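In: no FASTA, just this:
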């Protein structure tokens, strides 16, 4: 296993260029140099130099009429490459479908990226939420989601302390209340293997961790309308089946 790079080995220009690419989110209609300068807090002259390089390299497209930048086609290829090498096999997705479809649940696998979780696989069977479908690449905050709690539950104390500090900076005065709920969910996972939360009084989500071949960690989440949640008598069996699914997914993963 290779050692993680140190901050002293980072290339500052490359880091700034990647920071620009991170500014493009699903639903954005393109960004100008002024937009990017505001989002990254970098000088406009630096942004202009970096966006020019990214355009020439194919990572950004540029519309001179509106002076707006868009992600280049190469980013799609990178996303596909990431998905293929993820270790997630067709057999895994089939098992997820077999679990979710009979109970009309949505089911997903997500991976961490900075202070968010990113969906890699999404299957939708809860037809009461057709208006709010999640797609691969969608981001969800680590601090306010069961999948985020599932990921954090796998970390060493020192890593968890780093997240605490970064999340505290992100949420400011709201952090103490968020922290209480988040670490309550982490406690649930450590006690019974899953975290469970109700969103908007309607949707129940449960999450756990899947360890794929090679040690890669994903959060497995099933969400369903509260009317489809098993009653207390059958809830324990439901959770046991969910945990069994997580183990089977790990066994069916591949090393790409």
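Out: Looks like it arrived, so ask away. All figures in this text were calculated on a predicted structure; none of them were measured in a lab.
In: next, give phi and psi for residue 70.
Out: phi -130, psi 160 (degrees, to the nearest 10).
In: check contacts around it.
Out: 24, 30, 60-63 (Cβ atoms under 8 Å, 6 or more residues apart in numbering). For glycine as for every other residue, the C-beta is placed from the backbone atoms N, C-alpha and C.
In: hey, what's it bridged with?
Out: On the basis of DSSP bridges, residue 70 is bridged to residue 61.
In: from residue 62, how far off is it?
Out: Distance, residue 70 to residue 62, using Cβ to Cβ, to the nearest Å: 8 Å.
In: before we move on, the earlier item: by neighbours, which of the contacts of residue 70 wins?
Out: Using other Cβ atoms under 10 Å as the neighbour criterion, residue 60 leads the contacts of residue 70 with 25 neighbours.
In: which element is the closest residue to it other than its chain neighbours on?
Out: In space, and not counting its chain neighbours, residue 60 is closest to residue 54: 4.2 Å by Cβ to Cβ, 6 or more residues apart in numbering. Using DSSP states H and E, residue 54 sits within helix 44-56.
In: got it, and residue 29?
Out: Going by DSSP H and E, residue 29 is not part of any helix or strand.
In: show the contacting residues for the spatially closest residue to it that is not a sequence neighbour.
Out: Take residue 29 and drop its neighbours on the chain: the residue closest to it by Cβ to Cβ, 6+ apart is residue 68, 7.9 Å away. Residues near residue 68 by Cβ under 8 Å, 6+ apart: 29-32, 62.
In: from the chain's centroid, how far away is the host helix or strand of residue 117?
Out: Residue 117 belongs to strand 116-123 when assigned by DSSP H and E. On the basis of Cα atoms, centre = their mean, to the nearest Å, strand 116-123 sits 5 Å off its chain's mean C-alpha point.
In: sheet-wise, list the partners of that strand with their directions.
Out: Partners of strand 116-123 in its sheet, by DSSP bridges: strand 106-113 (antiparallel), strand 139-141 (antiparallel).
In: run through who's touching the following helix or strand past the shortest one.
Out: So that's strand 139-141. Using DSSP H and E, the helix or strand that follows strand 139-141 in sequence is helix 146-152. Contacting residues not belonging to helix 146-152 are listed as 108, 110, 112, 117, 140-142, 160, 163, 182, 185-186, 188-189, 194-197, 205-209, 217, 219-221 [Cβ under 8 Å, 6+ apart].
In: ok so, going back, most packed of the strands paired with strand 116-123?
Out: Comparing the strands paired with strand 116-123 by mean neighbour count (mean count of other Cβ atoms under 10 Å), strand 106-113 ranks first with a mean of 22.
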